[in-house]
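A.B. asks: Sharing a model that was predicted from the sequence below.
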Amino acid sequence: MTDIAWSDGHWTHAPAALAEENGDLVVTAVEGSDAWRTTSYGFVHDSEHALLAPFAVGTAVEVEFTAAFSEQFDQAGVFVRASAERWVKAGVEFADGRPQVGAVVTDGMSDWSLAPVPEWADRRIQVRVSRGDDALTVRAGVVGTPLQLVRVLPFPAGIAAEAGPFVCAPTRAGLAVRIHAWRSVAADSALH
């Protein structure tokens, strides 16, 4: 396990504000920030705040954050980016009045899956994305409990990618997310 320094990443889009507090990174999102491509809504949003570093095959990226969300579509987790049209965001999103765990998988157009996790409200959450030879495996859970499988998706080994923590606030100003950890670990060796 290797901790990744906040300074080792670069932002896809600068947040409204950043602060380091006791080793945590507090990220304040710009109102309207989001990542989405076309499906169902007809728009392209490319304004997420993702702090990215290289993401190699055989490794996993882990991010821990507090899911203190209260407004529609407040979100944080792990962002994996190969290009403007091929990326994944996975984590917790406040949707329809409660926290939901899920992922948006984008390859030209976005595909969204989620499941309610009301017991995760205001808890410290861990999201891990493992990169294998032909797939990404997404797991998440409350820190200190077993991670649950969220999604398995195709992702070719031959393309360069970056990954790291992300924050978005599609519907409001003032969302500040406390990110506690960002690290690289060995990829999960099995699905089950």
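C.D. replies: Cool, the structure landed. Numbers count the residues shown, from 1 in each chain.
A.B. asks: which residues does L153 bridge with?
C.D. replies: Counting by DSSP bridges, L153 is bridged to L136.
A.B. asks: Let the chain start at 76 from now.
C.D. replies: OK, 76 is where the count begins now, so the last one is L228.
A.B. asks: Would you mind measuring from it to A165?
C.D. replies: Distance of L228 to A165, given as CB to CB, to the nearest Å: 9 Å. Using the backbone N, CA and C atoms, a C-beta is placed for each residue, glycine as well.
A.B. asks: how about the residue of the chain positioned farthest from its centre, secondary structure?
C.D. replies: Going by CA atoms, centre = their mean, the residue of the chain most distant from its centre is G117, 22.5 Å out. What DSSP: H, G, I helix; E, B strand; the rest coil gives for G117 is coil.
A.B. asks: Assess the claim that H124 and A92 are in contact.
C.D. replies: No. Contact status for H124 versus A92: not in contact, 10.5 Å apart, counting by CB atoms under 8 Å.
A.B. asks: Pull up the overlap in contacts between these two.
C.D. replies: Residues touching both H124 and A92 by CB atoms under 8 Å, 6 or more residues apart in numbering: V102.
A.B. asks: Just want to know which of these two has more residues nearby.
C.D. replies: Higher neighbour count among H124 and A92: H124, with 26 against 12, using other CB atoms under 10 Å.
A.B. asks: and the more buried one, what pLDDT?
C.D. replies: H124 carries a pLDDT value of 98.
A.B. asks: give the contact list for the spatially closest residue to it that is not a sequence neighbour.
C.D. replies: Nearest residue to H124, sequence neighbours excluded (CB to CB, 6 or more residues apart in numbering): P90, at 4.4 Å. P90 is in contact with 102-105, 108, 124, 242, counting by CB under 8 Å, 6+ apart.
A.B. asks: can you check H255 too?
C.D. replies: Contacts of H255 (CB under 8 Å, 6+ apart): 98-99, 139-141, 199.
A.B. asks: residue ranges with poor pLDDT in this protein?
C.D. replies: Along the chain, no part satisfies pLDDT under 70.
A.B. asks: Helices along that one, start to end?
C.D. replies: Shown for the chain, no helices are assigned by DSSP state H.
A.B. asks: From what I see, V180 and V204 are in contact.
C.D. replies: No. With contact defined as CB under 8 Å, V180 does not count as touching V204 (11.3 Å).
A.B. asks: any shared contact partners between these two?
C.D. replies: Common neighbours of V180 and V204 (CB under 8 Å, 6+ apart) are V163.
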